[in-house]
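> no sequence for this one, just the structure:
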């Protein structure tokens, strides 16, 4: 038998996830999972492979609004990263 110990979804690809007790599945997978990504000014996807500090960007869902929380004030984000829907 398979046991699920914890569930996470990741609203912004390559950023920290949100722990949840349940997930709804849509046609593209878990609802709310990886709906956004961070791109550079050229529209190129930015990932943890090249920018590992993205893992420090936390996401929070408050009253159906998505927020990002950057707790490390030494994180440098250059070229004004832009969110794009996946």
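Structure received. Keep in mind the model is a prediction, meaning the values are calculated, not measured.
> When you work out contacts or count neighbours from here on, use the C-alpha atoms and nothing else.
OK.
> For the chain, which segments count as strands?
7-9, 18-20, 25-26, 29-30, 36-39, 57-62, 65-70, 82-85 (DSSP state E).
> Centre of the chain to the third one, how far?
Think strand 25-26. 17 Å (CA atoms, centre = their mean, to the nearest Å).
> Now for the residue positioned nearest the centre of the chain: which residues touch it?
By CA atoms, centre = their mean, the mean C-alpha position of the chain lies nearest to residue 12, the distance being 2.3 Å. In this structure, residue 12 makes contact with 33, 34, 35, 36, 37, 38, 59, judged by CA atoms under 8 Å, 6 or more residues apart in numbering.
> Which of these sits closest to residue 24?
Distance to residue 24 across the contacts of residue 12 (CA to CA) is lowest for residue 33, with 10.0 Å.
> any idea how far residue 2 is from the closest one?
Residue 33 sits 22 Å away from residue 2, taking CA to CA, to the nearest Å as the criterion.
> The two: who's more crowded?
It is residue 33, of residue 33 and residue 2, that has more neighbours when counted by other CA atoms under 10 Å, with 18 against 4.
> Quick check: that one touching residue 11?
Yes: using CA atoms under 8 Å, residue 33 makes contact with residue 11 at a distance of 4.7 Å.
> Under the pLDDT cut-off, which ranges of this protein? List them.
Applying pLDDT under 70 to the chain picks out residues 72-86.
> Let's have the strands of the chain in JSON lines, adding distance to residue 47.
Converted to JSON lines, the strands of the chain look like this (distance: least, CA to CA, whole Å):
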{"stretch": "strand 7-9", "distance to residue 47": "16"}
{"stretch": "strand 18-20", "distance to residue 47": "18"}
{"stretch": "strand 25-26", "distance to residue 47": "24"}
{"stretch": "strand 29-30", "distance to residue 47": "20"}
{"stretch": "strand 36-39", "distance to residue 47": "8"}
{"stretch": "strand 57-62", "distance to residue 47": "12"}
{"stretch": "strand 65-70", "distance to residue 47": "16"}
{"stretch": "strand 82-85", "distance to residue 47": "12"}
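> Point out the most buried one among these.
Stretch with highest mean neighbour count among those: strand 36-39 (a mean of 20; mean count of other CA atoms under 10 Å).
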